[in-house]
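Engineer: Turn this into a model:
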Amino acid sequence: MRLVIASGKGGTGKTLVATSLALVAAERATGSDALPALLDADVEAPNVALFVRAEVSETVAVERLVPVVNAALCTHCGRCAEVCQFNAIAALPTQTLVFAELCHGCGSCALQCPAGAITEEPQPMGRVTLGQAAGLRLGEGELQVGEAMATPVIRALKHEAQRRGWDGEALTIIDAPPGTACPVIEALRGADAALLVTEPTPFGLHDLRMAVEVARDVLGLPVGVAINRDDGGDGSVAAYCAQEGLPVLLRLPLEREIAAAYSDGQPLVTALPRYRPTFEAALDALLALAEEAQP
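Structural biologist: All right, here's what the predicted structure looks like:
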(Lines give C-alpha, C1' and ligand atoms only; values in the text may rest on other atoms or scores of the structure.)
Protein backbone atom coordinates (compact mmCIF):
# COMPACT_ATOMS: atom_id res chain seq x y z
CA MET A 1 0.00 0.00 0.00
CA ARG A 2 1.38 3.38 -1.01
CA LEU A 3 -0.01 6.57 0.52
CA VAL A 4 1.10 10.05 -0.58
CA ILE A 5 0.91 13.10 1.66
CA ALA A 6 0.72 16.17 -0.57
CA SER A 7 -0.33 19.81 -0.52
CA GLY A 8 -1.15 22.46 -3.07
CA LYS A 9 1.20 24.93 -1.39
CA GLY A 10 4.14 24.96 0.97
CA GLY A 11 3.90 25.67 4.68
CA THR A 12 0.70 23.73 5.37
CA GLY A 13 2.31 21.16 7.69
CA LYS A 14 2.64 18.34 5.15
CA THR A 15 5.84 16.94 6.65
CA LEU A 16 4.40 17.28 10.17
CA VAL A 17 1.51 15.04 9.10
CA ALA A 18 3.61 12.58 7.05
CA THR A 19 6.13 11.90 9.81
CA SER A 20 3.48 11.36 12.49
CA LEU A 21 1.47 9.00 10.26
CA ALA A 22 4.65 7.01 9.51
CA LEU A 23 5.60 6.76 13.18
CA VAL A 24 2.11 5.56 14.06
CA ALA A 25 2.40 2.92 11.32
CA ALA A 26 5.80 1.85 12.70
CA GLU A 27 4.38 1.47 16.21
CA ARG A 28 1.66 -0.81 14.88
CA ALA A 29 3.97 -3.11 12.90
CA THR A 30 4.44 -6.51 14.52
CA GLY A 31 7.45 -8.77 14.33
CA SER A 32 6.04 -10.64 11.33
CA ASP A 33 5.29 -7.46 9.38
CA ALA A 34 7.70 -5.81 6.99
CA LEU A 35 8.86 -2.44 8.26
CA PRO A 36 6.84 0.51 6.91
CA ALA A 37 8.75 3.01 4.80
CA LEU A 38 8.76 6.80 4.74
CA LEU A 39 10.08 8.41 1.53
CA ASP A 40 10.95 12.11 1.45
CA ALA A 41 10.19 13.10 -2.15
CA ASP A 42 10.38 16.85 -1.46
CA VAL A 43 13.82 16.67 -3.07
CA GLU A 44 14.41 20.42 -3.38
CA ALA A 45 14.08 20.88 0.38
CA PRO A 46 14.02 17.47 2.11
CA ASN A 47 13.47 17.77 5.86
CA VAL A 48 11.95 14.49 7.04
CA ALA A 49 15.36 13.52 8.45
CA LEU A 50 15.11 16.46 10.86
CA PHE A 51 12.16 14.73 12.52
CA VAL A 52 12.96 11.05 12.00
CA ARG A 53 16.67 10.61 12.56
CA ALA A 54 17.73 7.43 10.80
CA GLU A 55 21.04 5.63 10.53
CA VAL A 56 22.13 6.00 6.91
CA SER A 57 23.13 2.70 5.34
CA GLU A 58 23.52 3.60 1.66
CA THR A 59 23.78 6.58 -0.69
CA VAL A 60 23.03 6.24 -4.40
CA ALA A 61 24.02 8.89 -6.95
CA VAL A 62 21.36 10.10 -9.37
CA GLU A 63 22.67 11.02 -12.82
CA ARG A 64 21.26 12.21 -16.10
CA LEU A 65 22.72 11.82 -19.58
CA VAL A 66 23.74 15.01 -21.40
CA PRO A 67 24.99 15.26 -25.00
CA VAL A 68 28.62 15.87 -25.88
CA VAL A 69 29.46 16.98 -29.43
CA ASN A 70 32.59 15.71 -31.18
CA ALA A 71 33.68 18.79 -33.12
CA ALA A 72 35.82 16.71 -35.49
CA LEU A 73 32.79 14.71 -36.65
CA CYS A 74 30.09 17.37 -36.48
CA THR A 75 28.93 18.72 -39.87
CA HIS A 76 26.74 21.43 -38.25
CA CYS A 77 23.71 20.21 -40.18
CA GLY A 78 21.38 21.34 -37.39
CA ARG A 79 19.40 18.11 -37.11
CA CYS A 80 20.11 17.86 -33.36
CA ALA A 81 18.68 21.33 -32.75
CA GLU A 82 15.60 20.48 -34.82
CA VAL A 83 14.69 17.43 -32.74
CA CYS A 84 15.44 18.97 -29.35
CA GLN A 85 12.13 19.97 -27.76
CA PHE A 86 13.82 21.92 -24.96
CA ASN A 87 16.18 24.19 -26.95
CA ALA A 88 19.18 22.60 -25.27
CA ILE A 89 21.21 22.61 -28.51
CA ALA A 90 22.00 25.50 -30.83
CA ALA A 91 23.50 24.73 -34.23
CA LEU A 92 25.59 27.59 -35.61
CA PRO A 93 27.31 27.60 -39.01
CA THR A 94 30.67 26.62 -37.55
CA GLN A 95 29.83 25.43 -34.02
CA THR A 96 27.21 23.36 -32.18
CA LEU A 97 26.49 24.48 -28.62
CA VAL A 98 25.00 22.35 -25.84
CA PHE A 99 23.19 23.94 -22.89
CA ALA A 100 23.33 21.08 -20.38
CA GLU A 101 21.09 22.82 -17.85
CA LEU A 102 18.20 22.71 -20.34
CA CYS A 103 18.73 19.10 -21.40
CA HIS A 104 16.09 16.54 -20.33
CA GLY A 105 18.24 13.56 -21.32
CA CYS A 106 15.84 12.14 -23.91
CA GLY A 107 18.67 11.09 -26.24
CA SER A 108 16.96 12.25 -29.45
CA CYS A 109 19.93 14.33 -30.55
CA ALA A 110 22.33 11.38 -30.41
CA LEU A 111 19.88 9.09 -32.20
CA GLN A 112 19.17 11.60 -34.97
CA CYS A 113 22.72 12.81 -35.62
CA PRO A 114 23.59 11.60 -39.16
CA ALA A 115 27.32 11.95 -38.54
CA GLY A 116 27.36 10.09 -35.23
CA ALA A 117 28.99 13.13 -33.65
CA ILE A 118 26.94 13.15 -30.43
CA THR A 119 27.46 10.87 -27.47
CA GLU A 120 25.86 11.02 -24.03
CA GLU A 121 27.75 11.27 -20.77
CA PRO A 122 26.37 10.96 -17.23
CA GLN A 123 26.18 14.11 -15.15
CA PRO A 124 25.36 14.04 -11.41
CA MET A 125 22.11 15.77 -10.49
CA GLY A 126 21.28 14.52 -7.00
CA ARG A 127 21.34 11.57 -4.66
CA VAL A 128 19.15 9.10 -2.82
CA THR A 129 19.91 8.30 0.82
CA LEU A 130 18.58 5.13 2.43
CA GLY A 131 18.52 4.21 6.08
CA GLN A 132 16.50 2.95 8.99
CA ALA A 133 15.16 4.35 12.23
CA ALA A 134 13.49 2.37 15.02
CA GLY A 135 10.78 0.38 13.27
CA LEU A 136 10.84 2.51 10.12
CA ARG A 137 12.70 2.51 6.82
CA LEU A 138 13.63 5.97 5.58
CA GLY A 139 14.50 7.10 2.07
CA GLU A 140 15.39 10.65 1.05
CA GLY A 141 15.92 12.22 -2.34
CA GLU A 142 18.02 15.36 -2.64
CA LEU A 143 18.36 17.50 -5.77
CA GLN A 144 21.83 18.93 -6.34
CA VAL A 145 22.10 22.71 -5.97
CA GLY A 146 21.75 24.39 -9.35
CA GLU A 147 19.79 21.55 -10.95
CA ALA A 148 16.32 22.40 -12.21
CA MET A 149 14.60 19.03 -12.68
CA ALA A 150 13.36 17.33 -9.53
CA THR A 151 11.33 14.60 -11.23
CA PRO A 152 14.24 12.21 -12.07
CA VAL A 153 15.41 12.28 -8.45
CA ILE A 154 11.91 11.44 -7.19
CA ARG A 155 11.68 8.64 -9.74
CA ALA A 156 15.07 7.31 -8.59
CA LEU A 157 13.97 7.43 -4.93
CA LYS A 158 10.87 5.36 -5.66
CA HIS A 159 12.87 2.97 -7.83
CA GLU A 160 15.51 2.34 -5.15
CA ALA A 161 12.80 1.68 -2.55
CA GLN A 162 11.02 -0.71 -4.89
CA ARG A 163 14.27 -2.46 -5.85
CA ARG A 164 14.86 -3.27 -2.18
CA GLY A 165 11.37 -4.63 -1.67
CA TRP A 166 10.13 -1.73 0.44
CA ASP A 167 7.06 -1.46 -1.78
CA GLY A 168 5.91 -5.03 -1.21
CA GLU A 169 3.30 -5.83 1.40
CA ALA A 170 4.54 -3.11 3.75
CA LEU A 171 3.03 0.35 3.95
CA THR A 172 4.92 3.13 2.18
CA ILE A 173 4.21 6.78 2.98
CA ILE A 174 5.57 9.41 0.58
CA ASP A 175 6.05 13.03 1.60
CA ALA A 176 5.48 14.76 -1.75
CA PRO A 177 6.79 18.16 -2.88
CA PRO A 178 4.37 21.06 -2.51
CA GLY A 179 2.40 22.36 -5.48
CA THR A 180 0.84 20.65 -8.49
CA ALA A 181 3.67 20.53 -11.06
CA CYS A 182 5.53 17.56 -12.59
CA PRO A 183 7.44 16.56 -9.39
CA VAL A 184 4.15 16.21 -7.50
CA ILE A 185 2.65 14.12 -10.30
CA GLU A 186 5.68 11.80 -10.17
CA ALA A 187 5.29 11.44 -6.38
CA LEU A 188 1.57 10.64 -6.82
CA ARG A 189 2.08 8.21 -9.70
CA GLY A 190 1.34 4.66 -8.58
CA ALA A 191 -0.20 5.71 -5.26
CA ASP A 192 -3.23 4.00 -3.72
CA ALA A 193 -4.55 7.16 -2.05
CA ALA A 194 -3.55 10.76 -1.33
CA LEU A 195 -3.99 12.91 1.75
CA LEU A 196 -3.98 16.60 0.84
CA VAL A 197 -2.87 18.86 3.66
CA THR A 198 -4.25 22.38 3.62
CA GLU A 199 -4.98 25.35 5.85
CA PRO A 200 -8.24 27.31 6.23
CA THR A 201 -7.15 30.43 4.33
CA PRO A 202 -8.04 31.80 0.87
CA PHE A 203 -4.62 30.70 -0.40
CA GLY A 204 -5.08 27.27 1.18
CA LEU A 205 -8.48 26.83 -0.47
CA HIS A 206 -7.22 27.98 -3.87
CA ASP A 207 -4.29 25.58 -3.87
CA LEU A 208 -6.36 22.73 -2.42
CA ARG A 209 -8.68 23.04 -5.43
CA MET A 210 -5.73 22.67 -7.80
CA ALA A 211 -4.33 19.72 -5.86
CA VAL A 212 -7.72 17.97 -5.99
CA GLU A 213 -7.87 18.53 -9.75
CA VAL A 214 -4.49 16.81 -10.17
CA ALA A 215 -4.81 13.96 -7.67
CA ARG A 216 -8.50 13.09 -8.07
CA ASP A 217 -9.64 14.39 -11.43
CA VAL A 218 -6.51 13.77 -13.53
CA LEU A 219 -4.84 10.81 -11.80
CA GLY A 220 -8.05 9.23 -10.49
CA LEU A 221 -6.81 8.72 -6.92
CA PRO A 222 -9.03 8.51 -3.86
CA VAL A 223 -8.42 11.71 -1.91
CA GLY A 224 -8.81 12.72 1.71
CA VAL A 225 -8.08 16.10 3.28
CA ALA A 226 -6.19 17.18 6.40
CA ILE A 227 -6.89 20.69 7.70
CA ASN A 228 -4.05 22.16 9.75
CA ARG A 229 -4.61 25.18 12.03
CA ASP A 230 -8.28 24.32 11.61
CA ASP A 231 -9.65 26.74 14.22
CA GLY A 232 -8.08 29.77 12.55
CA GLY A 233 -10.22 30.01 9.39
CA ASP A 234 -13.66 30.92 8.15
CA GLY A 235 -14.98 27.46 7.30
CA SER A 236 -14.62 27.85 3.53
CA VAL A 237 -12.26 24.87 3.21
CA ALA A 238 -14.62 22.60 5.13
CA ALA A 239 -17.52 23.84 2.99
CA TYR A 240 -15.59 23.09 -0.20
CA CYS A 241 -14.77 19.57 1.02
CA ALA A 242 -18.43 18.94 1.81
CA GLN A 243 -19.46 20.25 -1.60
CA GLU A 244 -16.94 18.03 -3.41
CA GLY A 245 -17.55 14.97 -1.26
CA LEU A 246 -13.99 15.00 0.08
CA PRO A 247 -13.65 13.34 3.49
CA VAL A 248 -11.78 15.42 6.09
CA LEU A 249 -9.64 12.75 7.75
CA LEU A 250 -7.56 14.93 10.05
CA ARG A 251 -7.98 18.26 11.83
CA LEU A 252 -5.22 19.93 13.84
CA PRO A 253 -5.75 23.11 15.85
CA LEU A 254 -3.79 26.35 15.75
CA GLU A 255 -1.73 25.65 18.86
CA ARG A 256 1.52 27.09 20.12
CA GLU A 257 2.76 23.72 21.40
CA ILE A 258 2.46 22.20 17.92
CA ALA A 259 4.47 25.05 16.38
CA ALA A 260 7.11 24.75 19.12
CA ALA A 261 7.49 21.00 18.56
CA TYR A 262 7.83 21.50 14.80
CA SER A 263 10.42 24.24 15.26
CA ASP A 264 12.38 21.95 17.55
CA GLY A 265 12.36 19.08 15.04
CA GLN A 266 10.13 16.84 17.11
CA PRO A 267 7.44 14.63 15.52
CA LEU A 268 4.03 15.65 16.78
CA VAL A 269 3.07 12.21 18.10
CA THR A 270 6.33 12.12 20.08
CA ALA A 271 6.25 15.65 21.47
CA LEU A 272 2.49 15.66 22.17
CA PRO A 273 1.31 12.04 22.65
CA ARG A 274 -2.29 13.18 23.12
CA TYR A 275 -2.45 13.53 19.33
CA ARG A 276 -1.51 9.90 18.70
CA PRO A 277 -5.16 8.68 18.63
CA THR A 278 -5.94 11.47 16.14
CA PHE A 279 -3.26 10.23 13.75
CA GLU A 280 -4.20 6.59 14.30
CA ALA A 281 -7.76 7.38 13.25
CA ALA A 282 -6.53 9.36 10.24
CA LEU A 283 -4.28 6.50 9.12
CA ASP A 284 -7.12 4.00 9.45
CA ALA A 285 -9.43 6.25 7.44
CA LEU A 286 -6.85 6.79 4.70
CA LEU A 287 -6.13 3.06 4.44
CA ALA A 288 -9.85 2.36 4.24
CA LEU A 289 -10.17 4.97 1.48
CA ALA A 290 -7.41 3.24 -0.47
CA GLU A 291 -8.83 -0.24 0.05
CA GLU A 292 -12.30 0.83 -1.10
CA ALA A 293 -10.81 1.96 -4.41
CA GLN A 294 -9.00 -1.34 -5.03
CA PRO A 295 -10.35 -3.25 -8.07
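
Engineer: Need the phi and psi values for Glu186.
Structural biologist: Here the main-chain torsion angles of Glu186 (degrees, to the nearest 10) amount to phi -60, psi -40.

Engineer: Could you pull up the residues touching it?
Structural biologist: 41, 151, 154-155, 158 (Cβ atoms under 8 Å, 6 or more residues apart in numbering). Bear in mind the C-beta positions are built from the backbone N, C-alpha and C, glycine included.

Engineer: List the ones among these that fall in helices.
Structural biologist: The helices, defined by DSSP state H, take in 151, 154-155, 158 from the contacts of Glu186.

Engineer: with the residues you listed in mind, which one is nearest to Thr180?
Structural biologist: Closest approach to Thr180 among the ones in helices among the contacts of Glu186 (Cβ to Cβ): Thr151, at 13.4 Å.

Engineer: surely the closest one meets Ala187?
Structural biologist: No - counting by Cβ atoms under 8 Å, Thr151 does not reach Ala187; the two are 9.1 Å apart.

Engineer: Identify the residues contacting Ile185.
Structural biologist: With Cβ under 8 Å, 6+ apart as the criterion, the residues that contact Ile185 are 214, 219.

Engineer: Would you check how far apart it and Gly126 are?
Structural biologist: Remark: distance between Ile185 and Gly126 (Cβ to Cβ, to the nearest Å) = 18 Å.

Engineer: Pick out the most distant pair among the contacts of Glu186.
Structural biologist: Maximum pairwise distance in those, criterion Cβ to Cβ, is 10.8 Å, between Thr151 and Lys158.

Engineer: When these two are compared, which one has more neighbours?
Structural biologist: More neighbours surround Lys158 than the other of Thr151 and Lys158, with 24 against 19 (other Cβ atoms under 10 Å).

Engineer: give me the number of residues near the closest residue to that one other than its chain neighbours?
Structural biologist: Take Lys158 and drop its neighbours on the chain: the residue closest to it by Cβ to Cβ, 6 or more residues apart in numbering is Leu39, 6.9 Å away. By other Cβ under 10 Å, 31 other residues sit near Leu39.

Engineer: ok but Leu39 is inside a helix, no?
Structural biologist: No - per DSSP: H, G, I helix; E, B strand; the rest coil, Leu39 lies outside any helix segment and is strand.

Engineer: For it, give me its contacts.
Structural biologist: 138-141, 157-158, 161, 172-175.

Engineer: Would you map the strands across the stretch 51-200 of the chain?
Structural biologist: Here the stretch 51-200 of the chain has its strands, by DSSP state E, counting those that start in this stretch, at 55-69, 89-91, 96-98, 118-133, 136-143, 172-178, 193-198.

Engineer: That'll do, ta.
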